[in-house]
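In: make a model of this:
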Amino acid sequence: MKDHLTLLYSVSTFGLISVCMLLAAVRWFHMCKPFDEYGDYYYPARRMATFFMLSTIVLMPYVWNPMDLEAWLLMKCYLISITPMCSYMLFYRYFAFREYVHHRKFVWCMTIPVFGFVAFLWVASLLPDFTFSESMCSLLLAISSVISFVFVIVNSVFIFKLYVIVHRNNFRDYSNVEDFPKEVAANTWFLPILYMIPIWAMVYFDSRIIAIFVMLWVSLLDSTFVIAMLHPRRKFLNHEVPDAEETIESPTEYPIENVDTSSDISSVLVIPNDTVEMIKHQICMIVVDKKGFLDPHLTLTSVVEQCSFGRTYVSTVFNREYGGFFEYVNTYRLRYADEYRQNHPYATKKEVLEASGFSSRSGYLKARNRLGWDGE
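Out: Numbering: from 1, shown residues only. Next up is the predicted model:
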């Protein structure tokens, strides 16, 4: 029975390493056309993800001898320290492109001590006559736990900031809540938690049995992550890829589509009064006169495309003069809904909402609550 368990420990870990090697090859060599021509732009975390997948090869000493204490210590320290660090690095590289470009050296310098620590444990596990004392094992595991805790906290702060950005720009760019492009962030923010809970359980209980399930679980999550990222989540405007300089400055560099950065400069941006009036006139013509607000999928981008001014100016005018794009458009929708209800007393609620530009009742209620609407 003991031999069977030992074999199972080895096989499960070798399975994780094999899956990661395969995923690393897929992530490195596979890029969808025509995006492969501009791989660095459309797959910003490709090299990093490949590197982290390949790093699982250091777990081979545990495959050879899972009952060896140094190999088991390597396994625990690797998973508890490298996993949250990788999560943070990938999130930061993918969602905070500007910051990563400007702080790339600092970010990578943060990883050097962690990888150096793991490399030390790896070398120790390869030495045949080398053994750690019990107190040293406890110290090394404590260091790994501190590293894990620090990166989990940093990850949590970053994810919270990401949530704020998504929430803010959803209302700024879209007129219906169902159109909010929150899928990428919403489907990935919890991944570090899913990774870490079973790993912490394995370390806390010092259980190789739990480690078997951790290997299977991490293999599944890694596969899901890579498959989800095979197709690029970025769009480019006018079917042109910006050059490196534009990529750093452009607000479209984020995988969250159409992130509006005008709010960052709206407090200091000076727009001449005559220009403001011209923009207001164009906005009114597009949204009101042409009844653009009746389009349930009207976005700030579609309005900007019809204006003769840039996105920053148009967005700033929306925010300063009307409280925001979402507020402006839905004010007219709510008015129209009240008028439609009065003119069509036998119309159902669904008919009223669809005729007024709302894509659902939840979107209608969200708009009413946000605007404090007193209509019927």
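
In: drop to CA atoms for contacts and neighbour counts, all remaining ones
Out: Will do.

In: how about the strands of this protein, start to end?
Out: Ranges of strands in the chain, per DSSP state E: none exist.

In: residue ranges with poor pLDDT in it?
Out: Applying pLDDT under 70 to the chain flags the ranges 1-2, 41, 96-101, 165, 178-189, 233-268, 375-376.

In: for it, what's the longest helix?
Out: helix 134-173 (DSSP state H).

In: that one: how far from the chain's middle?
Out: 14 Å (C-alpha atoms, centre = their mean, to the nearest Å).

In: in that helix, what counts as buried?
Out: Neighbour counts using 16 or more other C-alpha atoms under 10 Å place 140-141, 143-145, 147-149, 151-152, 155-156, 158-159, 162-163, 166, 169-173 of helix 134-173 among the buried residues.

In: what's the answer for stretch 121-132, then?
Out: L121, W122, A124, S125.

In: neighbours around the residue nearest to A355 when sequence neighbours are not counted, how many?
Out: Nearest residue to A355 in three dimensions, chain neighbours excluded: L294, at 7.1 Å (C-alpha to C-alpha, 6 or more residues apart in numbering). By other C-alpha atoms under 10 Å, 21 other residues sit near L294.

In: can you pull the contacts of L294?
Out: R333, A355, S356, G357, F358 (C-alpha atoms under 8 Å, 6 or more residues apart in numbering).

In: sorry, back to before: Serialize the buried residues of stretch 121-132 to TSV and add fields for distance to A211.
Out: Below are those laid out as TSV (distance: C-alpha to C-alpha, whole Å):
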residue	distance to A211
L121	18
W122	18
A124	21
S125	18
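
In: what about M60, distance to T275?
Out: 66 Å (C-alpha to C-alpha, to the nearest Å).

In: same question, S207
Out: According to C-alpha to C-alpha, S207 stands 68 Å off from T275.

In: helices and strands around the longest helix of the chain, which ones?
Out: Helices and strands touching helix 134-173, by 3 or more C-alpha pairs under 8 Å, 6 or more residues apart in numbering; DSSP states H and E, are helix 69-95, helix 183-186, helix 300-306, helix 325-343.

In: give me whichever of these is most buried.
Out: Compared across the helices and strands packed on helix 134-173, helix 69-95 shows the largest average neighbour count, a mean of 22 (mean count of other C-alpha atoms under 10 Å).

In: relative to helix 134-173, how tilted is that helix?
Out: Here helix 69-95 points in a direction 20 degrees away from that of helix 134-173 (axes from the mean of the first three to the mean of the last three C-alpha atoms, to 10 degrees).

In: which other helices and strands contact helix 69-95?
Out: On a contact count with 3+ C-alpha pairs under 8 Å, 6+ apart, helix 69-95 meets helix 46-54, helix 60-64, helix 104-126, helix 134-173, helix 191-205.

In: let's see that with 6 Å instead.
Out: helix 104-126, helix 134-173 (3 or more C-alpha pairs under 6 Å, 6 or more residues apart in numbering; DSSP states H and E).

In: make TSV out of those and add distance to R46.
Out: Output for the helices and strands packed on helix 69-95, formatted as TSV (distance: least, C-alpha to C-alpha, whole Å):
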stretch	distance to R46
helix 104-126	15
helix 134-173	20
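
In: show residues contacting stretch 130-149.
Out: C77, I80, S81 (C-alpha atoms under 6 Å, 6 or more residues apart in numbering).

In: distance check, the closest residue in space to the first one that isn't next to it in sequence against Y78.
Out: The one in question is C77. Once flanking residues are discounted, C77 sits nearest to S144: 5.4 Å by C-alpha to C-alpha, 6+ apart. Separation of S144 from Y78 (C-alpha to C-alpha): 8 Å.

In: same check on V352?
Out: Computed as C-alpha to C-alpha, the V352 to Y78 distance reads 58 Å.

In: next one: F130
Out: 19 Å.

In: of M60 and T275, who's got more company?
Out: M60 (20 against 13).

In: now for that one: which residues touch it?
Out: Applying C-alpha under 6 Å, 6+ apart, no residues qualify as near M60.

In: thinking again about what came up before, closest to S12 out of the helices and strands packed on helix 69-95?
Out: Nearest of those to S12, taken as C-alpha to C-alpha: helix 104-126 at 18.8 Å.

In: which parts of the closest one are buried?
Out: V107, V114, F117, V118, L121, W122, A124, S125.

In: and V303, how far from R311?
Out: Here the criterion is C-alpha to C-alpha. By it, V303 lies 9 Å from R311.

In: correction: the previous question concerned M229.
Out: 29 Å.

In: got it, and S175?
Out: 16 Å.

In: more neighbours: which of those two?
Out: S175 (29 against 18).

In: wait, the more buried one sits on F326?
Out: Yes. Shown here, S175 and F326 form a contact pair, counting by C-alpha atoms under 6 Å, at 4.8 Å.

In: overlap in contacts, the two.
Out: Counting by C-alpha under 6 Å, 6+ apart, nothing touches both S175 and F326.

In: hmm, back to that, tell me the one among the buried residues of stretch 121-132 nearest to S219.
Out: W122 (21.2 Å).
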